[in-house]
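Asker: No letters, just coordinates:
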C-alpha cells in the first residue's frame, strides 16, 4: 500500500512494479465518467452509481470514499483474489483510504499488508513538480501545494518512508522493500 | 544480526556487505590463539583471558559465551561506536548470541536491530556443503549435520528468513533487506 502526495512519484513506482510482473496493480472503481483515453478495467473499473451502491451495501469494498459527487473505492476481490494465487498486490491509495485498509479485518489482507509513504525531497522540489508545464493558474498550484503538505503530515502513520531522489534510486529502494518483505517470518508461518 | 548454520553462506553475505562499504563488519573477541594466517583486529580481536575477564566484569560485552575452554564475545563498543557515526553494523552471530543481543537494554542497539536467519535450501544441499572437500571423517560430517539441523530449528525466532539459492540472488535479497530497513519509520523518528 503506497501513499504520498501528487508529485511524490508513487504512481510511477507502482506502475513499474506491475510492469515488471512483481505485483498486480490494484485497479480502483469509480462512478465518475471516463476521461478521454481512459480504459475501463485498466485505469479504473467504471461503475454505475447503482452498481457501486449495491456493492457498498454488500460489503464488497476494502475502502471507498465520496469525493465531490463521485465514489471511488477498492474492491476486496481485487486484492484477495490475487493474494490467493500467490501474487503480490500493489495499491496506490490516499491517507484516508490507507486508514480504512489498516482497519480491515480480513486476515489474508492484514498478513500481507505493508505500507509505504513516498514524499518529495523538499517543499521547493514539490512546488516544481506540481507547477508542471506552467499552464496552471497560481491559485490552482497553491491549492495543490496545500493539499500535498497536509497529506505529507501523515507519514509517521506508515511503516516505511521513502524520500524520493532519482527515479532509479527510488525504484531500487521500492523494489528492495518488496523483496525484503517477502522474507518476513511473520508472513511465512 | 545474521545467524544460520555453517554451510548457509551467511559469512559470505556479511563480508560482501562490508566490502561494499554498506556496513561495518563487527569483529568478535576471543581468548583462543590465532590460527595460521589469522590477523588480530581483522579475523578476531585476540584477547588474553585476563583482559577478557575484566571486560566481562566491566559489562563491556554485548554478548559472550564460553565454548570448550575459550571465550568468544562481541564488545558493545564495536557496535555503538559505529552506530553513533551513522554507520550500519553487520554481525555474524549464533542463535545463543542472538538471544543475548535481543535482550540488550541499550536503546541505540535496540532501535537499530534487525535479525535475519539464513538457511540452506534443503538437507541434501546442506550435507553437500558440509562435506566440503571430502577429506573429513564420516562422524565429523555427521556431527556438523546434527549441529546445523539443531541450529536451524531457531529460524522462527527471527524477523526475516532467507533460504539460500545462488550467491547472486542471496546477496540481492540481503542487500534489499538492508535498504528496506533504512526506510523504516520507527528508526527515522
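Answerer: Received, thanks. Small disclaimer: the values here were computed from a predicted structure and weren't measured. Residues are numbered from 1 along each chain as shown, chains lettered A, B, ... in the order given.
Asker: in chain A, which spans are helices?
Answerer: For chain A, the helices defined by DSSP state H occupy A:10-19, A:49-57, A:76-84, A:95-102, A:107-112, A:123-131, A:138-152, A:167-181, A:185-188.
Asker: Give the other helices and strands that the first one contacts.
Answerer: What that stands for is helix A:10-19. Secondary structure elements in contact with helix A:10-19, counted by 3 or more Cβ pairs under 8 Å, 6 or more residues apart in numbering or on different chains; DSSP states H and E, are strand A:2-3, strand A:24-25, strand A:89-90, helix A:167-181. (Glycine included, C-beta is placed from N, CA and C.)
Asker: do you know which of these lies nearest chain B?
Answerer: Minimum separation from chain B across the helices and strands packed on helix A:10-19 (Cβ to the nearest Cβ) falls at helix A:167-181, 3.7 Å.
Asker: Now that closest one: buried residues?
Answerer: Of the residues in helix A:167-181, those buried by neighbour count under the rule 16 or more other Cβ atoms under 10 Å in any protein chain shown are A:170-171, A:173-181.
Asker: Which two of those have the greatest separation?
Answerer: Distances among these were taken as Cβ to Cβ; the most separated pair is A:170 and A:181, at 16.9 Å.
Asker: re the thing from before, out of the helices and strands packed on helix A:10-19, flag the one nearest residue B:30.
Answerer: Nearest to residue B:30 among the helices and strands packed on helix A:10-19 is helix A:167-181; the distance by Cβ to Cβ comes to 32.1 Å.
Asker: That closest one and chain B, any residue contact?
Answerer: Yes: judged by Cβ under 8 Å from any Cβ of the partner chain, helix A:167-181 comes into contact with chain B through A:172-173, A:175-177, A:179-181.
Asker: from those, which single one is nearest residue B:98?
Answerer: Nearest member of the residues of helix A:167-181 next to chain B to residue B:98, counting by Cβ to Cβ, is residue A:180, at 18.8 Å.
Asker: ok, for that closest one, nearest residue in space, not its chain neighbours?
Answerer: Sequence neighbours aside, residue B:180 is the residue nearest to residue A:180 in space, at 3.7 Å (criterion: Cβ to Cβ, 6 or more residues apart in numbering or on different chains).
Asker: check contacts around that neighbour.
Answerer: Listed by Cβ atoms under 8 Å, 6 or more residues apart in numbering or on different chains, the contact set of residue B:180 reads A:160, A:173, A:176-177, A:179-181.
Asker: and these as TSV, adding pLDDT?
Answerer: Putting these into TSV (pLDDT from 0 to 100) gives the following:
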residue	pLDDT
A:160	98
A:173	98
A:176	98
A:177	98
A:179	97
A:180	98
A:181	97
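Asker: Closest to the centroid, which residue in chain A?
Answerer: Most central in chain A under Cα atoms, centre = their mean is residue A:92, positioned 1.2 Å from the mean C-alpha point.
Asker: how close does the closest residue in space to it that isn't next to it in sequence sit to residue A:2?
Answerer: Ranked by Cβ to Cβ, 6+ apart and with sequence neighbours excluded, the top spatial neighbour of residue A:92 is residue A:14, at 4.7 Å. Relative to residue A:2, residue A:14 is positioned 6 Å away (Cβ to Cβ, to the nearest Å).
Asker: between these two, what contacts are shared?
Answerer: Counting by Cβ under 8 Å, 6+ apart, the residues touching both residue A:14 and residue A:2 are A:90-92.
Asker: What's the per-residue pLDDT of residue A:189 here?
Answerer: pLDDT, the model's per-residue confidence, is 66 for residue A:189.
Asker: Which residues outside stretch A:104-117 are in contact with it?
Answerer: With Cβ under 8 Å, 6+ apart as the contact definition, stretch A:104-117 has outside contacts at A:1-4, A:62-63, A:76, A:79-80, A:83-84, A:88-89, A:98, A:101-102, A:154-155, A:157-162, A:174, A:177, A:181, A:186-187, B:183, B:185.
Asker: Now restrict those to buried residues only.
Answerer: Buried residues within the contacts of stretch A:104-117, defined by neighbour count using 16+ other Cβ under 10 Å: A:1-4, A:62-63, A:76, A:79, A:83, A:88-89, A:98, A:101, A:154-155, A:158-162, A:174, A:177, A:181, B:183, B:185.
Asker: Tell me the bridge partners for the residue nearest to the centre of chain A.
Answerer: Applying DSSP bridges to residue A:92 gives these bridge partners: residue A:2.
Asker: what residues are up against it?
Answerer: Contact criterion Cβ under 8 Å, 6+ apart gives A:2-3, A:10-11, A:14, A:25-26 as the residues in contact with residue A:92.
Asker: Select only the buried ones of those residues in ChimeraX?
Answerer: Selecting only the buried members of those in ChimeraX, with burial defined as 16+ other Cβ under 10 Å, works like this:
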select /A:2,3,10,14,25,26
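Asker: farthest-separated two in the contacts of residue A:92?
Answerer: Of all pairs drawn from the contacts of residue A:92, the widest gap by Cβ to Cβ lies between A:3 and A:25 and measures 15.1 Å.
Asker: So which residues on chain A come close to chain B?
Answerer: Contacts of chain A with chain B, taken as Cβ under 8 Å from any Cβ, map to A:116-117, A:155-156, A:158-162, A:172-173, A:175-177, A:179-181, A:183-186, A:188-189.
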